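1. Got a sequence here, can you model it:
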Amino acid sequence: MPPQLIYRKGWALLGYLAAKPERRHSRLALAMLLWPQFGEPQAMTNLRQVLCNLNRYCRGELGPGVLCVERDGVALRRAGRAVFDIDRLAGEPAEMLAILEGQRIFLAGMDDVAGVDFRAWLESTRLALEAELVGVAERHCDRMLVAGNWDAALHMARLLLQRDAWNEAHARRMMRAYAGHGMRAAAINAYARMQQALRRDLGVDPQDETRRLLAWICEGIDLAPLEADLRRPDLRRALAV
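-> Numbering: from 1, shown residues only. Have a look, this model is predicted:
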């Protein structure tokens, strides 16, 4: 949490506003979300103190006009700018990589800052942001595979597997990147690790698609045409037969 913020709930409130772009929030609703144990007068007083400190922070760090505090409502106004890292995911792969590598968690340490409604919102928001982050990373990795940028694809596949060690699609990305790099033994070892983890933890074997990819790699089949086929749904369906 930035040292300029006095209150933990100020940081939690900023995250809440940032996750709901351009939406205007009732001050009373925010007060009761963050202080559900208090009556309205006390909750509104606490919110006023938090907003005063948060407003000073936002003016200094984000610029004037980003945090809009009105008599009855509060909103964040980005005006088309990417203000937070969650705004940059789709357009800036470097930001996405930093989040993946750092294993960052949205509003880490804020689980106990308010009541059950806030915790429920925080959990659902984390799941949604995680899905968005992984989706962007998967698309970026696939683009690197199609382009033959094996180092970048391999790095991304590793990060994705660290995020979800049982995800075979991530393992296949790693196998393709290794094979494209000419590292066939490493690709086979990646399959073996995935197979062992699936059998040990879930009691299942790898999917047909993963085993088929292993067979192609063992047979020395050039996967470059297959990477190009990732862009063609008709051939992708045919290859799955």
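
2. From now on I want contacts and neighbour counts done on CA atoms only, so please keep to that.
-> Will do.

3. secondary structure class for the closest residue to Arg199 other than its chain neighbours?
-> Once its chain neighbours are removed from consideration, Arg199 has its nearest residue in Asp205; the separation is 6.0 Å (C-alpha to C-alpha, 6 or more residues apart in numbering). Using DSSP: H, G, I helix; E, B strand; the rest coil as the criterion, the local structure at Asp205 reads coil.

4. Distance of Asp205 relative to Trp166?
-> Spatial separation of Asp205 from Trp166 under the definition C-alpha to C-alpha, to the nearest Å is 11 Å.

5. what does Asp111 give?
-> Separation of Asp111 from Trp166 (C-alpha to C-alpha): 27 Å.

6. What are the buried residues along the lengthiest helix in the chain?
-> Of all the segments of type helix in the chain, defined by DSSP state H, the longest one is helix 116-147. Counting neighbours by 16 or more other C-alpha atoms under 10 Å, one finds that the buried residues in helix 116-147 are 118-119, 122, 125-126, 129-130, 133-134, 136-138, 140-146.

7. tell me how far that helix is from the chain's mean position?
-> When C-alpha coordinates are averaged (C-alpha atoms, centre = their mean, to the nearest Å), helix 116-147 and its chain have centres 3 Å apart.

8. Give the other helices and strands that that helix contacts.
-> Judged by 3 or more C-alpha pairs under 8 Å, 6 or more residues apart in numbering; DSSP states H and E, helix 116-147 is in contact with helix 27-34, helix 93-102, helix 150-163, helix 168-180, helix 224-229.

9. if we can go back for a sec, okay, the residue nearest to Arg199: pLDDT?
-> For Asp205, the pLDDT comes out at 93.
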